[in-house]
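K.L.:
next one to model:
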Amino acid sequence: KRYKSRKQYLFNPAFWCHLWDWVAHRRLKPSTGLAGVVLALRHCEQPVNLYGFHHDAHNFHYFNEVDDKVQKEVHKFHPLEEEAAIYEELEGYNLTV
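P.N.:
Here you go, the predicted model:
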């Protein structure tokens, strides 16, 4: 109700299942960053440019500062180390730059 003037989109649940495959079904949920990259790989011409996208296990938030508590606890919720390895692998296959 609050955002009647804004378009809102939902991910198909099957897409999230596909993302879980990418991180080997760990109990941690994939990040929205990984979701965006996978969505771009599925719908855009390759290689997908990840300009400005920091993909390592420590600097995960790309547009603003994150407080220390979030920085320390994010690993409890997202498999950032696995995601960083995925990004490196994608770059090795020339799917991203």
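K.L.:
sticking with residue 4, tell me its helix or strand.
P.N.:
For residue 4, there is no host helix or strand (DSSP states H and E).
K.L.:
for it, grab the count of nearby residues.
P.N.:
Neighbours of residue 4 under the rule other C-beta atoms under 10 Å: 6. No exception for glycine: its C-beta is placed from N, CA and C like everyone else's.
K.L.:
what score does the spatially most central residue of the chain have for pLDDT?
P.N.:
The chain has residue 34 as the residue nearest its centroid, 1.7 Å off, counting by C-alpha atoms, centre = their mean. Note for residue 34: predicted pLDDT of 87.
K.L.:
so how far is residue 5 from it?
P.N.:
29 Å (C-beta to C-beta, to the nearest Å).
K.L.:
could you point out the helix or strand that follows the helix or strand of the chain with the lowest mean pLDDT?
P.N.:
One helix or strand of the chain scores below all others by mean pLDDT, DSSP states H and E: helix 68-73, with a mean of 70. Following helix 68-73 in sequence order, the next helix or strand is helix 80-92 (DSSP H and E).
K.L.:
what's that next one packed up against?
P.N.:
helix 32-43 (3 or more C-beta pairs under 8 Å, 6 or more residues apart in numbering; DSSP states H and E).
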